[in-house]
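3D, please:
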Amino acid sequence: MRWEQEYLPPEELKALQLKRLQDVVRRVYERVSFYRKALDERGVKPEHIKYLNDLKLLPITDKETLRQHYPFGMLAVPISDILEVHVSSGTTGDPTVVAYTRHDIGVWSEVMARTIACAGGTKDDIIHNAYGYGLFTGGLGVHYGALELGASVVPVSAGGTKRQIKLIQDFKPTIITCTPSYALYMAEEAREMGVDPRKTSLRIGIFGAEPWSEGMRREIEEAWDLLATDIYGLSEIIGPGVAQECPGQDGLHLWADHFLPEVLDPESLEPVGEGGDGMLVLTTLTKEGMPLLRYATKDIVSINYQTCPHCGRTMPRISKIKGRTDDMLIIRGVNVFPSQIESVLMGIDEVQPHYQLVVTRERGLDELEVWVEVEERIFSDEVRALEALEEKIQLEIEGILGLAVKVKLVEPKTIERSMGKAKRVIDKRKI
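Next up, the predicted model:
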């Protein structure tokens, strides 16, 4: 299937973007009190947006903005028009709401169908969807896209690795979607089960929700004998389906008819220019329920506006994510902020205010271990008391993150002290 918008001449794309930008600015000014106040403070009215360069007149939105207006303060439609709600984590553990109207689900279905097709998928494919279903947007996003494309989808969701491998053998899917670390973990589990992952029916992988390197791509392709492609998305914008690699693996095609990109210097918020590294900022052009102006993703990328030499699409291409402007970790598709864990630890009497997060990649799967200093008297207690404290901390952290973690209790002064900013995170993953 081919969508003509993906091949629009640059001037036609810009004209479409401007028309949609003017419409979304008018809508949020009329219907979202936060944006009306922010625009009024700048002396900006919707009619002032005459060119795409006028984007700079609009306010930046970020996750903190969404948190402050939790749950439905950013809606541009009545709550009765919302058909589906998802949430993603924030720096304090408060969820960020993502709300969809019927129109929005249609847009999501379309951009995800385009995403699957961009990777090489067709209506004849069977998609093994191992992204999590539920409040996480990954599973349902792929599901909607597969249905829109006309492909078959196996909604396996996350976990149950041995069962997943059995279903791959039985149903013979041709495309797999999951995190890249889980793809490697599954390959290892398959080999332990006596299954050669290189001899399955899979031909394409669509991997995302966490950072991964070209080296990891090569490992996955070698392990499964498939084409490993990168997908980009974030719940606040729509979920998965913002950008996707074609088989040329030369940057992710960003669906700029729906999401208007800027790449800005994180400090000055000035454009860095084509090819320069900066923070990706996105404006939703077609979202109805919760449109966002200039959303700061915190992801560092570069952007290329040239026509793709591999597939001919004229949509801009972003690089793989090169880093973050904040301290957020992405572990198995879950956003983790050290401040979330700190808030848990500081509420436990036996714990001292010194901790460290150690991230490793074991058998292709990301693991988070929380090292916590406890009072000296705790180590004179019985082993059962130590184990009970470990379990208490573990359960409280898992309750906040929705992610299984390990906890290691250590004696006072075990964790290195710093005269400057404490080193809270040791990321041992090679990504």
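
from here on, contacts and neighbour counts on C-alpha atoms
Will do.

Quick check: the gap between W371 and V336.
15 Å (CA to CA, to the nearest Å).

How about the contacts made by the residue nearest to T174 when sequence neighbours are not counted?
Leaving aside its sequence neighbours, T174 sits nearest to L202 (CA to CA, 6 or more residues apart in numbering; 4.1 Å). Neighbouring residues of L202 by CA atoms under 8 Å, 6 or more residues apart in numbering: 172-176, 224-226.

Now with 10 Å, please.
Contacts for L202 (CA atoms under 10 Å, 6 or more residues apart in numbering) come out as 125-128, 168-169, 172-176, 224-227.

Also I176?
126-131, 153-154, 168, 183, 202-207, 226, 228.

Phi and psi next, for it.
The phi and psi values for I176, taken as degrees, to the nearest 10, are phi -120, psi 140.

Check V407 too.
According to degrees, to the nearest 10, V407 has phi -130, psi 130.

okay, it: pLDDT?
For V407, the pLDDT comes out at 95.

shouldn't it be in contact with L386?
No - at 11.1 Å, V407 and L386 do not qualify as touching, with contact defined as CA atoms under 10 Å.

So between those two, which is more surrounded?
V407 (20 against 17; other CA atoms under 10 Å).

excluding its backbone neighbours, what's nearest the more buried one?
Distances taken as CA to CA, 6+ apart place V370 nearest to V407, at 4.8 Å, with adjacent residues excluded.

ok so the one you found is a strand residue?
Yes - assessed with DSSP: H, G, I helix; E, B strand; the rest coil, V370 lies in a strand.

Tell me if I'm right that it and I415 touch.
No - with contacts defined as CA under 10 Å, V370 does not count as touching I415, sitting 11.5 Å away.

With neighbour numbers in mind, choose between those two.
The residue with more neighbours, out of V370 and I415, is V370; 21 against 16, by other CA under 10 Å.

who's in contact with the more buried one?
341, 355-359, 393-394, 397, 405-409, 424-425.

Does I415 touch H354 like I think?
Yes - applying CA under 10 Å, one finds I415 in contact with H354, separated by 7.0 Å.

Can you pull the residues that touch both of those two?
With CA under 10 Å, 6+ apart, I415 and H354 have common neighbours 371-373, 424.

Could you single out the nearest of the residues you listed to D250?
R424 (34.3 Å; CA to CA).

ok, and the closest non-adjacent residue to that closest one?
Q356 (4.7 Å).

Tell me where the stretch 251-400 of the chain has strands.
252-254, 259-264, 278-284, 295-301, 303-304, 317-318, 323-324, 329-331, 334-336, 351-362, 365-374 (DSSP state E, counting those that start in this stretch).

ranking the ones you listed by burial, who's on top?
Highest mean neighbour count among the strands of the stretch 251-400 of the chain (mean count of other CA atoms under 10 Å): strand 252-254, with a mean of 27.

List the buried residues in stretch 313-327.
If you call a residue buried by 16 or more other CA atoms under 10 Å, then stretch 313-327 has these buried ones: 313-323.
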